[in-house]
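*Asks:* Everything below, folded, please.
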Amino acid sequence: MSSKRKIAIIGVGHVGSTTAYTVAMQGLVDELVLIDTNEKKAEGEAFDIEDARAGLPVQLKVHINDYAQTTDCEIAVISAGPLPRPDQSRLDTLGDGVKIIDDIVPHLLGNGFKGIIVDISNPCDVMTHYLWKKTGFPVNRVFGTGTGLDSLRLRSIVGKVFTIAPESVEGYVLGEHGDSQIVPWSQVRVRGKTVPELIADNEKYRQIDLTQLASQISYRGWAVLLSKGSTMYGIATATAAIIRAVLNDENRILPVSAALSGEYGQRGLHIGVPAVIGRNGIRDIIELHLNDEEASGFAHSADVIKSYIAKIGV
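*Replies:* Numbers count the residues shown, from 1 in each chain. All right, here's what the predicted structure looks like:
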């Protein structure tokens, strides 16, 4: 892998362009490759980022629509893909997503890319698994943002409910980045206690309905999509955290869509779980101790993902 802090973002729509701006303005990269089938869009995003960079103390070189520039990239972020319509789930975009991946992978491999692939495109878990199969890369080098964004939503919403800063909420959403995701409340901690303990110990929290709260977290993406047409800032922040963890070799625990090989009793899929992320991608999978209800919910979410993996024959 190159020692350059150089990444590619393939697909610079709302999500890809916001991710590009976020990593650039955080000073995470020295070189940025922007690729999109709409060449003028990629060019415009590059110009806009360069203009912003001129007013900030960061160094940055931007390349446009040149797969040859991906050869020495450390990370390729795949953010190309259709947005679901209001009458669709993320899984309903599967067919179009597969076609896009089929177009992207030969360009990456043909130009000798050997870095880490981070998938944003939906349905994230299925597309990440498909990318892994298509590239033939080791499992540690192909993973998705998974429930990273959902976990940010967990911290945001739980922080509001318990009037605590979101960064002081400890916990992760697990499973599909989609409707079957679960919140393992037994593993979510606030004020040094698990959420169920906090509710049991404090009368003012007794009215909190955890099932409704989990639904609110799951629905948050749709609330954003229906209001403004696309999620952008949250997913860009989650992706930037992954990029930072890789480039700085942080060995940081982040929720990602990772390949399981027996962890949580599952294998043969990518699914949202916490993992240790460093220079070489995924170093370890973190197995949380789920109660029976949570384990059952996770197994159901895994079954949903596997059913769609089976539909594309990988």
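
*Asks:* Give me the neighbour count for the residue lying closest to Thr93 once chain neighbours are set aside.
*Replies:* Of all residues not flanking Thr93 in the chain, Pro82 sits nearest, at 4.9 Å (Cβ to Cβ, 6 or more residues apart in numbering). For glycine as for every other residue, the C-beta is placed from the backbone atoms N, C-alpha and C. Pro82 has 17 neighbouring residues, counting by other Cβ atoms under 10 Å.

*Asks:* Also Ile286?
*Replies:* Using other Cβ under 10 Å, Ile286 has 14 neighbouring residues.

*Asks:* For it, give me its contacts.
*Replies:* Ile253, Val273, Pro274, Ala275, Val276 (Cβ atoms under 8 Å, 6 or more residues apart in numbering).

*Asks:* Pull up the gap between it and Asp179, please.
*Replies:* 24 Å (Cβ to Cβ, to the nearest Å).

*Asks:* hmm, back to that, generate a PyMOL selection restricted to the buried subset of the contacts of Ile286.
*Replies:* For the buried members of the contacts of Ile286, the matching PyMOL selection, counting by 16 or more other Cβ atoms under 10 Å, is:
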select buried, resi 273+274+275+276
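
*Asks:* Gly272: helix or strand, and which one exactly?
*Replies:* strand 267-278 (DSSP states H and E).

*Asks:* How far does that strand sit from its chain's centre?
*Replies:* Once both centres are worked out by Cα atoms, centre = their mean, to the nearest Å, strand 267-278 turns out to sit 11 Å from its chain's centre.

*Asks:* Would you mind writing the CA trace of it as CSV?
*Replies:* The C-alpha coordinates for strand 267-278 follow below in CSV (Å, rounded to 0.1, in the frame of the first residue of the first chain):
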residue,chain,number,x,y,z
ARG,A,267,-21.0,-16.4,8.3
GLY,A,268,-21.3,-15.8,4.6
LEU,A,269,-22.4,-12.2,4.7
HIS,A,270,-21.4,-8.6,5.5
ILE,A,271,-23.4,-7.0,8.4
GLY,A,272,-23.1,-4.1,10.8
VAL,A,273,-21.0,-4.9,13.8
PRO,A,274,-18.3,-3.0,15.8
ALA,A,275,-14.8,-3.7,14.5
VAL,A,276,-11.2,-2.5,15.2
ILE,A,277,-10.2,-0.4,12.2
GLY,A,278,-6.5,0.4,11.4
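
*Asks:* what's the average pLDDT for it?
*Replies:* Averaged over strand 267-278, pLDDT sits at 98.
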